[in-house]
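Trainee: This is the structure alone, sequence omitted:
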């Protein structure tokens, strides 16, 4: 095999497939990037068996062939080369020689006969959205998936299509994040649970441009993302996702409207007095026209007032400050509305059109705090 | 006590004294910042018994007094406050109330009666240099002090004044870094060893401006740095520093001149094939007009050629690539000269005026590599 690349193109493609290289594995071949040059294209593939990425790389084929190279070493070398022409050549012993200007590297490779290629997926049902929207919708929900694997379904996100709306849901037992995105065209109804890892990795590859599209194909056990010269194939999580509709209610006793940034700064200051391990709630005391935020920990105490608009009853309620901050950070609106029922029921942060809904469970607070 | 500050001034001053707050200590009072408002000035002090910092803070005194506040909590709070007026008030129980706009914090403090104030130093012998020069000279030598404490003297730097030149030296058994800085005025001859920690911390506080000066006072067992509104007092390391003059020689068999950036990039690429634990040397093969850099490790092999100017004999010599990079990174010259004697003797990177000298011991290389 003998290939010629531009260093920048090569570095981009390597960094894309790297996202599917497992950091640990019992199958050494999976720590490789598979490089294949057939009669008209050069393809890089990596696969950790749950997530697989294939990308077509710009370059010239002087001699066809294939080789599997250790992903980390290959990627480190490519990144450090000057932005110039890069030649990759292999010999009959599967040693690859990488040459760029006056630098010459030799690294051992593998034939790749035991490489796990991506399965072929039937491309029927699909939706098409902008790379920007997909990246945003992931960013706005991914923080509330569960980290530990006790409940596998909680480590993924629901992607549901109904009536031409894509609904993405994540939850971890303390909170729910929901985003709704209207789709154009006639979309198939679907309901799948996508691993959080897939979503994290794919959002690092997406361009984030409004004009660049990504096609998402729904297949049995798999979801396939296709964009630019790349396909990302992810296994789905098996099982019935949680019924969240019954947890959502539009009734409320108190509604407040508050400046998002002011509220965030205030929570940020309050959490200075909380040690990770303390799980100390911030207490929110809503009265007409203003809200007081209080915290009282072993380190010290803090209180601060913020101007709000309020309709309905006064309320005193406690929250884990991290959960409030996580939701507030990913909302773009300058001013937000929060709906309360009582001190034991979840609050909802949502906009008029329900393009986003964040549900957060309160923390029981001592009557002494009232 | 009742004080009023501007948040930005206060944050600056706190971050300065924080540099002398120990991360661990058996004396809890040392983890505090001592705040004192006497009849005409506000002073913050922190002291870890080896390094002490005092700074005068801009602010209004509405009521005199003093208090010791936990440095970490106090600093976190001040940093997160909006840029506005900050009021600090204490009551008879040594509780401090910090108010800024609508935010109000209460944290417990201490009277500070057991605080370890800085000893008073006689200010006789001193030199005056720019904050820029002091910061640069530290950056250009600090990397070659020894990290482990087996030899206490190696964890510090020699500051020697002779014939109105400040010579700063650091060494760790594998290499020596020397910088010479001509002083103006008639300076006292001096020879002290300053702890590396002091130098690291002070270089974070120095402004880095050519026009801002720092006075350095030489006292028994102590060195005192005075600049802006701040004094930094450091204990010295006891003992006779290494005699380095006998290790320096101006004889050589080979001299090369090389582009510094090209050389660095090339070493950088070669080290991709070195695992930390391997201690694999890079091999430098100097011939007329060019130098080949080679490495051959368990990961793979690499070679690259660089154009050089050479006088004297050909030479093949091996080095720890990190030691070369550390020295090359802190030299400002575009083109540098390296002097070799033989494959077993140290090389010298130095300029004509000897304003810098970096000595690096070679690594024994196998004859097979020749």
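Mentor: Sure, I can see it. Please read all numbers here as calculations on a predicted model, not as lab measurements.
Trainee: CA atoms for contacts and neighbours, from now on please.
Mentor: Noted.
Trainee: Quick one: the helices in the stretch 151-300 of chain A, in order.
Mentor: A:196-205, A:260-270 (DSSP state H, counting those that start in this stretch).
Trainee: Output these as JSON lines; include the columns mean pLDDT and mean neighbour count.
Mentor: JSON lines is the format used below for these (pLDDT from 0 to 100; neighbours: other Cα atoms under 10 Å in any protein chain shown):
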{"stretch": "helix A:196-205", "mean pLDDT": "96", "mean neighbour count": "18"}
{"stretch": "helix A:260-270", "mean pLDDT": "96", "mean neighbour count": "19"}
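Trainee: Let's have those helices in TSV, adding distance to chain B.
Mentor: Listed next are the helices of the stretch 151-300 of chain A as TSV, based on distance: least, Cα to the nearest Cα, whole Å:
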stretch	distance to chain B
helix A:196-205	24
helix A:260-270	6
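Trainee: What parts of the stretch 201-350 of chain A come near chain B?
Mentor: Proximity of the stretch 201-350 of chain A to chain B (Cα under 8 Å from any Cα of the partner chain) is limited to residues A:266, A:268-269, A:272-273, A:299-306.
Trainee: Pick out the most distant pair among those residues.
Mentor: By the measure Cα to Cα, A:299 and A:306 form the most distant pair in these, at 23.0 Å.
Trainee: Who has more neighbours out of the two?
Mentor: residue A:306 (17 against 14; other Cα atoms under 10 Å in any protein chain shown).
Trainee: Please report how far the more buried one lies from residue B:92.
Mentor: To residue B:92, residue A:306 is 30 Å away according to Cα to Cα, to the nearest Å.
Trainee: Out of the helices of the stretch 151-300 of chain A, which is closest to residue B:319?
Mentor: Set against residue B:319 and scored by Cα to Cα, these come closest in helix A:196-205, at 38.5 Å.
Trainee: can you give me how far the closest one is from the chain middle?
Mentor: Here helix A:196-205 shows a centroid-to-chain-centroid distance of 5 Å under the convention Cα atoms, centre = their mean, to the nearest Å.
Trainee: now for that helix, which elements pack on it?
Mentor: Judged by 3 or more Cα pairs under 8 Å, 6 or more residues apart in numbering or on different chains; DSSP states H and E, the packing partners of helix A:196-205 are helix A:131-139, strand A:156-162.
Trainee: and these as JSON lines, adding distance to residue A:328 and mean neighbour count?
Mentor: Shown next, in JSON lines, are the helices and strands packed on helix A:196-205 (distance: least, Cα to Cα, whole Å; neighbours: other Cα atoms under 10 Å in any protein chain shown):
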{"stretch": "helix A:131-139", "distance to residue A:328": "12", "mean neighbour count": "19"}
{"stretch": "strand A:156-162", "distance to residue A:328": "19", "mean neighbour count": "21"}
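Trainee: Need those in CSV (columns: distance to residue A:12).
Mentor: What follows is the helices and strands packed on helix A:196-205, written out as CSV (distance: least, Cα to Cα, whole Å):
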stretch, distance to residue A:12
helix A:131-139, 17
strand A:156-162, 28
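Trainee: of the ones you listed, which approaches residue B:320 most closely?
Mentor: Short answer: helix A:131-139, nearest of these by Cα to Cα, at 43.6 Å.
Trainee: average pLDDT for that closest one?
Mentor: Averaging pLDDT along helix A:131-139 gives 97.
Trainee: now the angle between strand A:156-162 and it, please.
Mentor: On the basis of axes from the mean of the first three to the mean of the last three Cα atoms, to 10 degrees, helix A:131-139 is oriented at 130 degrees to strand A:156-162.
Trainee: How far does helix A:131-139 sit from its chain's centre?
Mentor: For helix A:131-139, the distance to the chain centre is 8 Å (Cα atoms, centre = their mean).
Trainee: Leaving out sequence neighbours, find the closest residue to residue A:160.
Mentor: Leaving aside its sequence neighbours, residue A:160 sits nearest to residue A:191 (Cα to Cα, 6 or more residues apart in numbering or on different chains; 4.3 Å).
Trainee: the domain parsing of chain A - what is it?
Mentor: A:2-108, A:126-241, A:248-369 (automatic domain parsing).
Trainee: Check the residues of the stretch 201-350 of chain A next to chain B against residue A:21 and report the nearest one.
Mentor: Among those, residue A:268 lies closest to residue A:21 (Cα to Cα), at 36.4 Å.
Trainee: Distance-wise, check that closest one relative to residue B:248.
Mentor: From residue A:268 to residue B:248 the distance is 56 Å (Cα to Cα).
Trainee: Same question for residue A:185.
Mentor: Relative to residue B:248, residue A:185 is positioned 78 Å away (Cα to Cα).
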